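Q: The following comprises the amino acid sequence and a computationally predicted model.
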Amino acid sequence: MNVLPTFEAKPPEPVEAPAPSRALLRLAGVSKTFTNMTLALEGVDLTVRPGEFLTLLGPSGCGKSTLLKMIAGLSTPTTGTIDWPASSYDALGEPDRSLGFVFQEPTLLPWRTVFDNVYLPLMLGGARRRDVRERIMEVLAQVGLTRFADAYPRELSGGMRMRVSVARAMVTNPRILLMDEPFAALDEITRTKLNKDLLELFAKKSLTVIFVTHSVYESVYLSSRIVVMSAHPGRVSTEIAISAPYPRSEDFRVSPVYNDYCRRASEALREAIAQSHVESE
Ligand SMILES: Nc1ncnc2c1ncn2[C@@H]1O[C@H](COP(=O)(O)OP(=O)(O)OP(=O)(O)O)[C@@H](O)[C@H]1O
């Protein structure tokens, strides 16, 4: 008999420091000013540990995407540092970032099949198609798309295209998966299903995820830690540790503990938005 995890109706624990382990990524005093003088981020300190599912939650313009892009190395901080303490370094002193990026749009190449879209990052890395066939089929199986390997993006639903995008990000076995509002454009039912499947992958592949969302409900369901940000300039407002154990079944979504966390996260977001207004006046 399957015994589903139960969640006691007690208030969430106060924020706890994550279990001590070597940091995968450490941001210290990170600020970003764009050339038009927009101060997008100011003084962000953040440590990410292996195995965390960390979500950046905040109002529009608080710098979530800017932060993710800097972590990906697509943009550099104006001041402050981003360190990869557990990484090896190449001959140029660049850290082995080894990450996968999933954007809000699946950004698939329409003239390539599902298989060949997932093959793309490996091809760019110099791998021959036949040498990585098994690996690609394995990752397609993990996102439930085995039967669609030869299909073209136009033949797939929005949810399936997003699965391809997740498979493409995972095929290189990244240390960290960066996800910038990946499910925001999907309908509620598809989004709920992809949330559930993402958590299964997270557990199965021992991933570390940094996820961006506007949704309190999504952030509580997925995360081990929520970093709430305020805007103008973007800053960390508060952090909420979600101590509910994984795997999280659908029962978690209707549990009193989930409701309590959602209430706390909503309050924290409301406060962050209020701080943002004060700063922008
Ligand atoms: N290339 C850029 N040049 C100038 N300003 C920028 C640039 N990119 C972002 N910004 C500004 O930096 C701030 C943070 O933007 P960012 O897109 O990171 O926020 P966000 O929290 O991801 O927003 P959203 O939730 O709406 O996607 C905003 O004020 C934005 O207008």
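A: Done, it's in. None of the values given here were measured: they were computed from a predicted structure.
Q: any idea how far residue 177 lies from residue 72?
A: As judged by CB to CB, to the nearest Å, residue 177 and residue 72 stand 11 Å apart. For the C-beta atoms, the positions are set from N, CA and C on the backbone; glycine is no exception.
Q: no wait, residue 117
A: Distance, residue 117 to residue 72, using CB to CB: 19 Å.
Q: Who has more neighbours out of the two?
A: Between residue 117 and residue 72, residue 117 has the larger neighbour count (other CB atoms under 10 Å), namely 24 against 16.
Q: so who does the closest residue to that one other than its chain neighbours touch?
A: In this structure, residue 117 finds its nearest non-sequential neighbour in residue 108, 4.9 Å apart by CB to CB, 6 or more residues apart in numbering. Shown in contact with residue 108 (CB atoms under 8 Å, 6 or more residues apart in numbering): 117, 153, 161, 164-165, 168.
Q: what residues does the stretch 101-250 of the chain put near the ligand?
A: Neighbours of the ligand within the stretch 101-250 of the chain, by CB under 6 Å from any ligand atom: residue 234.
Q: could you redo the last one with a cut-off of 8 Å?
A: Counting by CB under 8 Å from any ligand atom, the residues of the stretch 101-250 of the chain close to the ligand are 180-181, 212, 214, 229, 231-232, 234.
Q: Which ChimeraX command selects the buried ones in these?
A: Those of these that count as buried under 16 or more other CB atoms under 10 Å are selected in ChimeraX with:
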select :180,181,212,229,231,232,234
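Q: Output the helix or strand where residue 203 lies in PDB with nothing but the alpha carbons.
A: Following DSSP states H and E, one finds residue 203 within helix 188-204. This file holds the C-alpha atoms of helix 188-204, laid out as PDB (Å, rounded to 0.1, in the frame of the first residue of the first chain):
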ATOM      1  CA  GLU A 188      -3.300  26.300 -15.200                       C
ATOM      2  CA  ILE A 189      -3.700  22.600 -15.700                       C
ATOM      3  CA  THR A 190      -0.600  22.200 -17.800                       C
ATOM      4  CA  ARG A 191       1.300  24.400 -15.400                       C
ATOM      5  CA  THR A 192       0.300  22.200 -12.400                       C
ATOM      6  CA  LYS A 193       1.300  19.000 -14.300                       C
ATOM      7  CA  LEU A 194       4.700  20.500 -15.300                       C
ATOM      8  CA  ASN A 195       5.300  21.600 -11.700                       C
ATOM      9  CA  LYS A 196       4.700  18.100 -10.500                       C
ATOM     10  CA  ASP A 197       6.900  16.600 -13.200                       C
ATOM     11  CA  LEU A 198       9.700  19.100 -12.500                       C
ATOM     12  CA  LEU A 199       9.700  18.100  -8.900                       C
ATOM     13  CA  GLU A 200      10.000  14.500  -9.800                       C
ATOM     14  CA  LEU A 201      13.000  15.300 -12.000                       C
ATOM     15  CA  PHE A 202      14.500  17.500  -9.300                       C
ATOM     16  CA  ALA A 203      14.400  14.500  -6.900                       C
ATOM     17  CA  LYS A 204      15.400  11.800  -9.400                       C
END
